[in-house]
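1. Pasting a predicted model and its sequence here:
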There are 2 protein chains.
Amino acid sequence: MKEMTLAEAMKQTTYQIAGHGKRNLQVLKNAIHELEGDLGSDQYGQGQIIEDFQKKMASLLGKEEAVFFPSGTMAQQIALRIWCDQKGVPQVAYHPLCHLEIHEEDGLKELHHIKPILLAGKDKLIQLEDVVGMKEEIACLLLELPQREIGGQLPDYETIESIASFCNEKGIKLHLDGARLFEILPYYNKSAAEICTLFDSVYISFYKGIGGIAGAILAGDKAFIQKSKVWKRRHGGDLISLYPYILSSDYYFDLRINKMDQYYREAQELAEYFNQCSNVSTRPATPVSNMFHVHIAYPKEVVEPILIELYQQSGVGLAGNLREIDDHHCYFEVSVGDAYGKIPKETLDDLFRTLDVHMSRLSK
Amino acid sequence: MKEMTLAEAMKQTTYQIAGHGKRNLQVLKNAIHELEGDLGSDQYGQGQIIEDFQKKMASLLGKEEAVFFPSGTMAQQIALRIWCDQKGVPQVAYHPLCHLEIHEEDGLKELHHIKPILLAGKDKLIQLEDVVGMKEEIACLLLELPQREIGGQLPDYETIESIASFCNEKGIKLHLDGARLFEILPYYNKSAAEICTLFDSVYISFYKGIGGIAGAILAGDKAFIQKSKVWKRRHGGDLISLYPYILSSDYYFDLRINKMDQYYREAQELAEYFNQCSNVSTRPATPVSNMFHVHIAYPKEVVEPILIELYQQSGVGLAGNLREIDDHHCYFEVSVGDAYGKIPKETLDDLFRTLDVHMSRLSK
């Protein structure tokens, strides 16, 4: 008999510690269920569905205008291209683990011929001195808040302010990768608009904490947004109809925007559970958003069978895959959403007691 | 009182001669109504929903593999880029009214730095001698069948065969802009696969004759499709979930693929109605697909009020906008779909009798 993979074991669990539940057609059905069928489609970026939502998001982010994109990959490459063209400098700076650097098949380089300067070490946040110390001229600095690939860490708010002030002084545009912007508002205790005022352009996503199907918003001043619409057409993102994504983004935004506090508190609680287990620790130790990484001081192939057994015994899934750090360590990502609150407290207590026992045994 | 525009008058009509009915949310609702909510989403190009549909389309088109794209704009730029990179020649050839030349904000040039050679006159089809007579070296020739912007005209099948054979001999890849491929099968009396066998790569659309929400398929050999997936990611088209477009494309494909004969015959009937009116003629005179253009030998501002009155009297809409040809001529496009068959014969007869009376009066 072929052994079960972690992903397969995950699919069979009743509860999951992360996310909002399964990504299936019901997500779309729920979003459009109560809407009338005669609601007219958007048409190539025009029409009430798309214009209303763009206005709502522009207002929320405190920007002049906003435009809906099918993906953040498209939105962010375009933002950087506009700033580079405007300054006539095809160079930008971002973190070594920026989405554009590691998840987009080098679209920024291959399509836009923009060279990125990598700031800070892979496992560190970008600090003011990294920006000040840059020797190359750049058109734009991209900051990702929170820095996803290192567990969703955040700089002090003063650091962002000082970087923004430096960039402003030096004529460097500041772009926010705010895929998880709403998720960090409780930690900073700021509104989205307050944070965005430090940035020239902002991208937000609707399928992270918001839990929509797909889609992104890019916001900025009027001239910037006008240009971004031209580039959206060039990229093949100006679809005749984007309404399936817009309607679901709007629906899940309204449903979950006020739950970010709760997800944040639950992430802290959940991280504590993990940190009480031997050979397990979270990064950051205390989450600053709804997300964190769980590091395990054993190799992937040792940990996987333990987790599979744990999922089967407890009915609770922790993650569908483990990522290797090196030959002796692995980790997985957790983003807390609606699913966590559905797990009975007792089940959770049992789960982590068992996990601790398994992990302690490994040390012996 | 502000006068009504043609688009507003169009919206108030009971019947329309073109299309499949209104583009509204009901189109999506109908497509997913009977599907179970637990149907799992595709995830970044993986999963049963997307893989099954890609296989179905590859098989239909007689190609090794196929990949689903959010838009044809993205799919076609990518196809041309792959062929250009492979040959190391950043030049292609296409018709002066090719979609890439007039509707994509120069994405091919701005993103891919590919130079197009324009073949044939604006109001003509590309012929073998245009291709043979080309002085520049190109990596790929794009043929659009039917040539939409000149009323959906088609070359003889022998012409396509001779162009394909010449390209093959000269090491030029042949790409099919088959946005309306299914609509031309009745005229050529060929299967999609038979036509596609003449082409190295093929793009088809799901919101023209098929009447879906949005989406496209690009098909070709395995190596080509593998590369296209990398470029899809770079363009920002590798969405976490494309299922709203895939499910609706599949639904409307099954619903309408066998109606292309009917649309073609109805287009011929409808064109005859127009050609019987004074100062009105269709292009082509006899349609070769479900589409044609209606040319009127009067300026837009003279024709518009006549059409508005006609829509209000008859309850039938012909077009939502007129396009200027010059100071003395205008035209509109017609693509026959499900809407045409819903108009009572008597209403149609009355409509064209009235149109003829109005248009005759103008000559006096």
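-> Looks like it came in fine.
2. For chain B, what is the nearest residue in the stretch 1-150 of chain A?
-> Of all residues in the stretch 1-150 of chain A, residue A:74 sits closest to chain B, at 2.7 Å by Cβ to the nearest Cβ. In short, each C-beta sits where N, CA and C put it, glycine included.
3. isn't there a helix covering that residue?
-> Yes - the assignment for residue A:74 by DSSP: H, G, I helix; E, B strand; the rest coil puts it in a helix.
4. Surely it and residue A:235 touch.
-> Yes - counting by Cβ atoms under 8 Å, a contact exists between residue A:74 and residue A:235, whose distance comes to 5.1 Å.
5. got any residues that touch both of these two?
-> Where contact means Cβ atoms under 8 Å, 6 or more residues apart in numbering or on different chains, the residues bridging residue A:74 and residue A:235 through contact with each are B:235, B:236, B:237.
6. Closest to chain A out of those?
-> The shortest distance between chain A and any of these, using Cβ to the nearest Cβ, involves residue B:236 and amounts to 2.7 Å.
7. near chain B, which residues of the stretch 1-150 of chain A show up?
-> Taking Cβ under 8 Å from any Cβ of the partner chain as the contact definition, the stretch 1-150 of chain A meets chain B at A:22-29, A:32, A:35-41, A:43, A:69-75, A:77, A:104-107, A:110-112.
8. Same question for the stretch 201-350 of chain A.
-> Within reach of chain B by Cβ under 8 Å from any Cβ, the stretch 201-350 of chain A has these residues: A:207, A:213-214, A:230-231, A:233-245, A:247.
9. Narrow the residues of the stretch 1-150 of chain A next to chain B to just the buried residues.
-> A:23-29, A:32, A:35, A:39, A:41, A:69-75, A:77, A:104-105, A:107, A:110-112 (16 or more other Cβ atoms under 10 Å in any protein chain shown).
10. Tell me the pLDDT of residue A:363.
-> Among the per-residue scores, residue A:363 shows a pLDDT of 77.
11. what about it, how many neighbours?
-> Number of residues near residue A:363 (other Cβ atoms under 10 Å in any protein chain shown) recorded here: 9.
12. Equivalent analysis for residue A:7, please.
-> Considering only other Cβ under 10 Å, residue A:7 is surrounded by 11 other residues.
13. now, which of the shared contacts of residue A:74 and residue A:235 lie close to chain A?
-> When those are filtered against chain A using Cβ under 8 Å from any Cβ, the residues retained are B:235, B:236, B:237.
14. show me the contacts for residue A:122.
-> Taking Cβ under 8 Å, 6+ apart as the test, what residue A:122 contacts is A:96, A:97, A:150.
15. And the spatially closest residue to the first one that is not a sequence neighbour, its phi and psi?
-> Spelled out, it's residue A:96. Leaving aside its chain neighbours, residue A:96 sits nearest to residue A:118 (4.4 Å; criterion: Cβ to Cβ, 6 or more residues apart in numbering or on different chains). Residue A:118 adopts backbone torsions of phi -90, psi 120, taken as degrees, to the nearest 10.
16. Quickly note the distance from residue A:118 to residue B:47.
-> With distances taken as Cβ to Cβ, to the nearest Å, residue A:118 is found 33 Å from residue B:47.
17. For the two, indicate the residue with more neighbours.
-> Per other Cβ under 10 Å, whichever of residue A:118 and residue B:47 has more neighbours is residue B:47, with 18 against 15.
18. Could you verify my assumption that the more buried one touches residue B:39?
-> No - with contact defined as Cβ under 8 Å, residue B:47 and residue B:39 do not form a contacting pair (10.0 Å).
19. contacting residues for residue A:298?
-> By Cβ under 8 Å, 6+ apart, the residues touching residue A:298 are A:279, A:328, A:329, A:330, A:359, A:362.
20. scratch that, residue A:350 is what I was asking about
-> residue A:314.
21. mind checking which helix or strand it is in?
-> In the assignment (DSSP states H and E), residue A:350 maps to helix A:345-363.
22. Distance from that helix to the middle of the chain?
-> In this view, helix A:345-363 has its centroid 29 Å away from the chain centroid, taken as Cα atoms, centre = their mean, to the nearest Å.
23. for stretch A:108-121, same thing?
-> With Cα atoms, centre = their mean, you get 20 Å for stretch A:108-121.
24. Tell me what the residue nearest to residue A:96 is bridged to.
-> Using DSSP bridges, the bridge partners assigned to residue A:118 are residue A:94.
25. From residue A:142, how far out is it?
-> Counting by Cβ to Cβ, the separation of residue A:118 from residue A:142 is 11 Å.
26. who touches both of these two?
-> Once Cβ under 8 Å, 6+ apart is applied, the residues that residue A:118 and residue A:142 both contact turn out to be A:93, A:94, A:95.
27. Let me have these in CSV, adding pLDDT and neighbour count as columns.
-> Compiled in CSV, the shared contacts of residue A:118 and residue A:142 are given as follows (pLDDT from 0 to 100; neighbours: other Cβ atoms under 10 Å in any protein chain shown):
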residue, pLDDT, neighbour count
A:93, 98, 24
A:94, 98, 26
A:95, 98, 27
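28. So which bits of the helix or strand encompassing residue A:301 are buried?
-> Residue A:301 belongs to helix A:300-314 when elements are defined using DSSP H and E. If you call a residue buried by 16+ other Cβ under 10 Å, then helix A:300-314 has these buried ones: A:300, A:303, A:304, A:306, A:307, A:308, A:310, A:311, A:314.
29. nearest to residue B:287, of those?
-> Of all those, residue B:287 sits closest to residue A:311, with 60.4 Å by Cβ to Cβ.
30. give me the number of residues near the closest residue to the closest one other than its chain neighbours?
-> Nearest-residue entry for residue A:311: residue A:9, 4.6 Å, with adjacent residues in sequence omitted and distances by Cβ to Cβ, 6+ apart. Burial of residue A:9, expressed as a neighbour count using other Cβ under 10 Å, amounts to 20.
31. Check the one 10 residues further on too.
-> Counted with other Cβ under 10 Å, the burial measure for residue A:19 works out to 18 neighbours.
32. Point out where the stretch 151-300 of chain A drops to low pLDDT.
-> For the stretch 151-300 of chain A, not a single residue meets the criterion pLDDT under 70.
33. Going by proximity to chain B, name the top residue of it.
-> With distances taken as Cβ to the nearest Cβ, the stretch 151-300 of chain A approaches chain B most closely at residue A:236, which sits 2.7 Å away.
34. And the stretch 251-364 of chain A, by the same measure?
-> Closest point on the stretch 251-364 of chain A to chain B, by Cβ to the nearest Cβ, is residue A:320, at 10.5 Å.
35. quick check, that residue in a helix?
-> No - when three-state DSSP is applied, residue A:320 is found to be coil, with no helix at that position.
36. neighbours around the nearest residue to it once chain neighbours are set aside, how many?
-> Across the structure, with Cβ to Cβ, 6+ apart as the measure, the residue nearest residue A:320 apart from its sequence neighbours is residue A:10 (4.1 Å). Applying the criterion other Cβ under 10 Å, we find 18 residues in the vicinity of residue A:10.
37. and residue A:10, what is it in contact with?
-> For residue A:10, the contacting residues are A:16, A:311, A:317, A:319, A:320, by Cβ under 8 Å, 6+ apart.
38. With pLDDT as extra columns, can I get these in JSON lines?
-> Supplementary listing: those in JSON lines, determined by pLDDT from 0 to 100:
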{"residue": "A:16", "pLDDT": "98"}
{"residue": "A:311", "pLDDT": "97"}
{"residue": "A:317", "pLDDT": "98"}
{"residue": "A:319", "pLDDT": "98"}
{"residue": "A:320", "pLDDT": "96"}
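39. Going by distance to residue A:284, which of those residues wins?
-> residue A:319 (17.7 Å).
40. what's the distance between the closest one and residue A:17?
-> Look at residue A:319 and residue A:17: by Cβ to Cβ, they are 8 Å apart.
41. The two: who's more crowded?
-> residue A:17 (24 against 19).
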